[in-house]
Every structure is written in C-alpha cells, then in structure tokens.
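Visitor: test case, fold it:
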Amino acid sequence: MSTDHPSPASAPLPGTLEQWAAVQPDRVAVVEGDRSLTWGQWNRAADRLAAGLRERGLGRDDIVVVRTHVRLEWVVIASALAKLGCSLLGLNWRLTPTETRYVLGNSRATAIICDDELPEDLLPAFDGLALKVAVSIDKPGQGFIDYASLLVQDGGPFFSAGNPPLVIYTSGTTGLPKGVMSHQPAQLGDPITIEYMQDVRARRQGSRDDAILVTMPMHHASGPAQVWAAQGSGCLLVLMRRFDAQGALVLIEKYRVSQWTGVPTMFKRIAALPIEEVRRYDLSSLTRLTVGAAPVTYALKTWIIDNLGDCLQEGYGSTETGMISRMTPEMQKLKPGSSGLPYRHVQIEIRDEHNAVLPVGETGEIWAFTPVVIRGYLNAPALNTDTLDERGFFRTGDMGRMDEDGFLFISDRAKDMIISGGVNIYPAEVEAALQTHPAIVDAAVIGIPDDEFGESVLAFCEAKPGHAVDEAALLAHCAITLASYKRPRAIRLVDELPRNGMGKLLKRDLRAPFWKDKERKV
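Guide: Below you'll find the model as predicted:
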C-alpha cells in the first residue's frame, strides 16, 4: 500500500493548527487535567518538536509509532509529524514488548514515542530494527531520548498540509494485527471521495464556540478524528487521560462540553451511577453525543436520551472501510434499533453464505463499499475476493439487514453467531435482554460445546456496584423476554468482563477454556 501524501505546505491552510495560531493565538485550545495550551503555544511546541525530530533524521514518509495515553503531548506530537510529512502509527500502550516488536517490524516504523512508566522494558522490542530514535515522555530510560530535550531549540516556522496520515492496527481479536493506512482524500482530489469525507466531517465538526471531550484512545481512529475535528473548527479540546464516569460528568459541566463520543461501555458506566448523582451535574451544554465501535442496546440508547439529552448519534464503520452509516437523533425515534442510513456514496449489500445479495428484510452478512475502503493492509499482499470483491465491497464480518427505507439493522458479528440444534442464535439479542435487568451493567454471551446440539448458550454477567443478583433471578428474567431456544443454559457472574483498550469485550478470552481441546472452534 502506498503511503504517498502531499508535502508540507509553505503557508497556513484553512483548518490547520498554523491558521488558528495566527487567528487566535492566545485562546485556550486544549486542556488536560490542570494543564493547558493556547493555540499559539500548541503551534510553537509543535514547531520545536518538529525541529528536534528532524535533527534526529525524521522526515517525509517516516512512520512514527506513538504509544501514549490520551494526553496533551499527543496533540503536539501529531502536529509535529504533520509538519514533517511523517505518518503517525497509533499503538495501544497496553501491548507487551513482544506485541510492540511485531507492529514495529511489520509497519517498518523508524521511530517510537511513548509514555511508559518503565520505557526500558520496551528495549527488547527494538532488537534488530532500524529505529532512528526512541523518545520517552515522562520517565528517563537507557536508549531513549527525553521528550523535553527535543523542545529546547527554536524551530520553524513549519506549515502542515493537513493531518498526518494515520496508521491503525486492527485489534487482533483473530490472528495477528494488521495495519491500515488512512487516506488523505480531500488532498488527493477525487471528487467522489471529497464529497464522502465532507458528509462524514459534517457529523463531527462544530464551530469555534464548541467544546469537544475526548475519552477515546489514540490507537483507534476515533480519538485522532475527534482531535482533528476540534482543530479544524478552532474549538476547545478537553482531554481525559483515563475514563472515569463521574469525572466525565465533571468535565462536561466545567467546560460546557457540547460534543462527546464514547463506546457503549463508557455510557454504561455512567448509567450505573445512582441517577440522583447523574442529575447533580448541569449537562445542558451537550448538543451531540455519539456512541459507536460496538453494538448499542435499545435500552442504553433510551437511557442516554432520557438522562443525558436528546442528541444521540451513532456511527457504524470499521478501520478498513471508514464510516459506513450514521444514526441521527431524529432517526432514533423513526427507526429505533437501527444503525441508520449510509453516508453519501456508500453502498451496502446483505449477502448469504454463497455471496448472493439477499432481499430487503432478510438477515445476512454485511458487505460495504466506501470511497476510502482499503485495497490491502500495510506491507501485506492484496486482499483476496473473500474479503474485498472485484467491485470494491469489503466483507465487514457483521450480520444485519436492510429495511425498505434503506436503514441498516446490525444483529451481530458473524463469528459470534451461535448455532444450536441447527438454529442461528445471535448473542447480541441475548445480551440485550440480560442488560435490561436492573442489576446488570454488562453481559457477554458465547457458544460452548454441546454434545447434543453442537453449541449451547453461556452468559457472563457483570453486576452494577452494590447490586446483588444470582443466576436463578437472571434466568427467570430471560424467560420473560427470550424464546426458550435463545435463553442461556447457564449464567456466570463475574467481577469484570475482559475488554481490550477500546472497551470492546474480548469474547475469545471467554471462549478459549471451553474450546481449547476441540478440533473445531464452533
């Protein structure tokens, strides 16, 4: 896959850091905890960092791994890389040295910037790799340059040509992670892609009077997208290093946050708070709440609308395809349970196991075409037709249906589907039923081996703090809302469900003990 992108500009372009630093240099641009930067300070720090990194040999087409929490330095680093024409590879800070080494080698990255407590623990990941520089933000470490030392000399002025190309590695829930290089479509000049991206950005971008709260990680496309939406509109950016439900409410009230995007788990954590605690905070500034990256139950949607504001939007997409569909507040009432309508120039097909397109209303696997769908993973062979067909449709791995009005309804991940006695069972439906119990904050449903039926349904449930519940009560609750063949045969209560850095449930960790000695895994 090509990493071609325009060279940095020689004058400020609209919506760039450099433009806002010229227009409103003394206005606060970003806050994180008790730290903040004005637009002018942000730009000067990025110029200094760009100069320091250039001295260490970094320049156009270098890929720089950025392995950090959500923090103020991230925005400076991203802007410095944009000024140099480098690409930014967002890496999960939870990855082990072995996992980090794989990504470094696979991506052919030439630098890494991290905020690890013990940066020297990463040194084994660098063995045999041609890194130009390794930078530690917080802690000194042998083999690392101190971040602050790169900001000593005056730099620039540098002018970026937009945001740095972003490389994101897929979560690796099956097989080894794979790198996806983002496109810079508006700069490449394709009118179809420009119109698509304008439609996507219109759902994110606000005005200079907005405040955007960022709680999504920077190793996922959503976190950087929110930073760049704030940068593009010149509004306030509020960063939360580690998500905390009550802490998020504090920030929304304090900074009059108008836009916030989170995963369902974050909203569930808020919903688990006593309702009188939620209502203590003035949340009236919220005008756009977006939830995505995982299925959202109707019960959770209703709670958000009733308690946080009638401004809920949803986004459905993937790292490989970009955004596919959007659900506006108006659509929530019109088509409850839907994932909305496709973005402009996006096409969706629902196909059966033989790859034939199914009629409206029938459930099958979702294939999607977008103007930014990938043609292959980074430094990997081209995708085969099982994943990307000759017309450019990508196999999402999700199950769903389209209704007569063109709305998309997602039922589950294809790989999560349980087949019991020849009948398809969609875990998301069972999980949604369990989550309507007042004591349950989250649930995960898997299929486990069953000598008679092939698979049977097992549920894992996480209770709300301070709530007591037992298996019998939950089974009785399911009997009210689910047909007998869908009900769990057993329910296990756990303190916490396994999740990755994005808050997604890791069902493979739940399945593994049951399938480890089986020839087939389904």
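
Visitor: can you give me the buried ones in whatever helix or strand residue 21 lives in?
Guide: Assessed by DSSP states H and E, residue 21 sits inside helix 17-23. Buried positions in helix 17-23, judged by neighbour count with 16 or more other Cβ atoms under 10 Å: 17, 18, 19, 20, 21. Every C-beta, even on glycine, is put in place using the N, C-alpha and C of the backbone.

Visitor: and residue 249, how far from residue 306?
Guide: 16 Å (Cβ to Cβ, to the nearest Å).

Visitor: neighbour count winner among those two?
Guide: residue 249 (21 against 10; other Cβ atoms under 10 Å).

Visitor: what sits against the more buried one?
Guide: Under the criterion of Cβ atoms under 8 Å, 6 or more residues apart in numbering, the neighbours of residue 249 are 270, 278, 280, 281, 283.

Visitor: got a list of what the nearest residue to residue 336 once chain neighbours are set aside touches?
Guide: Among residues not flanking residue 336 along the chain, residue 298 sits closest, at 5.8 Å (Cβ to Cβ, 6 or more residues apart in numbering). Residue 298 makes contact with 336, 337, 432 under the criterion Cβ under 8 Å, 6+ apart.

Visitor: wait, doesn't the last one sit right on residue 297?
Guide: Spelled out, that is residue 432. Yes: Residue 432 lies in contact with residue 297 (Cβ atoms under 8 Å); the separation is 4.3 Å.

Visitor: out of the contacts of residue 298, grab the one that's most surrounded.
Guide: residue 432 (21 neighbours).

Visitor: distance of that residue from residue 287?
Guide: Distance, residue 432 to residue 287, using Cβ to Cβ: 28 Å.

Visitor: phi first, then psi, for the residue nearest to residue 336.
Guide: phi -60, psi -40 (degrees, to the nearest 10).

Visitor: so how far is residue 432 from it?
Guide: For residue 298, the distance to residue 432 - Cβ to Cβ - is 7 Å.

Visitor: go on, residue 150?
Guide: Counting by Cβ to Cβ - residue 150 and residue 432 are separated by 49 Å.

Visitor: what does stretch 383-391 rub up against?
Guide: The contact list for stretch 383-391, computed with Cβ under 8 Å, 6+ apart, reads 355, 367, 369, 373, 374, 375, 376, 377, 394, 395.

Visitor: right, and residue 260 touches residue 212 too?
Guide: Yes: the criterion here is Cβ under 8 Å, and residue 260 meets it with residue 212 at 7.4 Å.

Visitor: what about the closest residue to residue 245 other than its chain neighbours, how many neighbours?
Guide: Using Cβ to Cβ, 6+ apart and skipping the chain neighbours, the partner closest in space to residue 245 is residue 269 (4.0 Å). Residues lying near residue 269 (other Cβ under 10 Å) number 20.

Visitor: quick one: classify residue 269 as helix, strand or coil.
Guide: helix (DSSP: H, G, I helix; E, B strand; the rest coil).

Visitor: swap in residue 180?
Guide: strand.

Visitor: that one bridge partners, please.
Guide: For residue 180, the beta-bridge partners are residue 168 (DSSP bridges).

Visitor: what sits against it?
Guide: Contacts for residue 180 (Cβ under 8 Å, 6+ apart) come out as 167, 168, 169, 170, 319, 320, 374, 377, 378.

Visitor: in a markdown table: these, plus pLDDT and neighbour count.
Guide: Shown next, in a markdown table, are these (pLDDT from 0 to 100; neighbours: other Cβ atoms under 10 Å):
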| residue | pLDDT | neighbour count |
| --- | --- | --- |
| 167 | 95 | 24 |
| 168 | 92 | 25 |
| 169 | 88 | 25 |
| 170 | 79 | 16 |
| 319 | 85 | 18 |
| 320 | 89 | 23 |
| 374 | 89 | 23 |
| 377 | 90 | 21 |
| 378 | 90 | 21 |
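
Visitor: make JSON lines out of those and add distance to residue 205.
Guide: Formatted as JSON lines, these follow (distance: Cβ to Cβ, whole Å):
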{"residue": "167", "distance to residue 205": "23"}
{"residue": "168", "distance to residue 205": "21"}
{"residue": "169", "distance to residue 205": "26"}
{"residue": "170", "distance to residue 205": "26"}
{"residue": "319", "distance to residue 205": "21"}
{"residue": "320", "distance to residue 205": "23"}
{"residue": "374", "distance to residue 205": "24"}
{"residue": "377", "distance to residue 205": "29"}
{"residue": "378", "distance to residue 205": "28"}
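
Visitor: assumed residue 199 was part of a helix.
Guide: Yes: looking at residue 199 with three-state DSSP, it is inside a helix.

Visitor: give me the neighbour count for it.
Guide: The number of residues packed around residue 199, counting by other Cβ under 10 Å, is 16.

Visitor: what secondary structure does the nearest residue to it once chain neighbours are set aside sit in?
Guide: Here the nearest residue to residue 199 in space, its sequence neighbours aside, is residue 344; by Cβ to Cβ, 6+ apart that works out to 4.2 Å. Counting by three-state DSSP, the backbone at residue 344 sits in coil.

Visitor: look through this structure and tell me its longest helix.
Guide: helix 39-55 (DSSP state H).

Visitor: buried ones in that helix?
Guide: 39-54.

Visitor: can you give the contact residues for it?
Guide: 17-18, 20-21, 23-27, 29-30, 37, 64, 75-77, 79-81, 83-84, 86, 111, 133, 149-158, 234.

Visitor: what is the helix or strand that comes right after it packed up against?
Guide: Using DSSP H and E, the helix or strand that follows helix 39-55 in sequence is strand 63-67. When contacts are defined as 3 or more Cβ pairs under 8 Å, 6 or more residues apart in numbering; DSSP states H and E, strand 63-67 packs onto helix 72-84, strand 87-90, helix 97-107, strand 111-114.

Visitor: now the strands for the stretch 301-450 of the chain?
Guide: Using DSSP state E, counting those that start in this stretch, the strands of the stretch 301-450 of the chain run over residues 312-318, 322-327, 341-342, 347-351, 364-369, 394-402, 408-413, 418-420, 423-425, 440-450.

Visitor: deepest-packed of those, please.
Guide: Counting by mean count of other Cβ atoms under 10 Å, strand 322-327 has the highest mean neighbour count of the strands of the stretch 301-450 of the chain, with a mean of 25.

Visitor: now the angle from that strand to strand 312-318?
Guide: 150 degrees (axes from the mean of the first three to the mean of the last three Cα atoms, to 10 degrees).

Visitor: ok, residues contacting strand 322-327?
Guide: By Cβ under 8 Å, 6+ apart, the residues outside strand 322-327 that reach it are 196, 200, 203, 312-318, 335, 338-343, 346, 348, 368, 370-373, 396, 408.

Visitor: so who does the residue nearest to residue 245 touch?
Guide: 243, 245, 441.

Visitor: now swap in residue 477 and tell me
Guide: Residue 477 touches 433, 434, 436, 437, counting by Cβ under 8 Å, 6+ apart.

Visitor: swap in 6 Å and give it another go.
Guide: The neighbours of residue 477, taking Cβ atoms under 6 Å, 6 or more residues apart in numbering as the test, are residue 437.

Visitor: tell me the pLDDT at it?
Guide: Turning to residue 477, the model gives it a pLDDT of 93.

Visitor: look up which helix or strand it falls in, please.
Guide: helix 471-481.

Visitor: name the residue most distant from the centre of this protein?
Guide: Most distant from the centre of the chain: residue 452, at 39.2 Å, with distances by Cα atoms, centre = their mean.

Visitor: strands of the stretch 151-300 of the chain, residue ranges please.
Guide: Using DSSP E, counting those that start in this stretch, the strands of the stretch 151-300 of the chain run over residues 166-169, 179-181, 211-214, 236-239, 259-262, 288-292.
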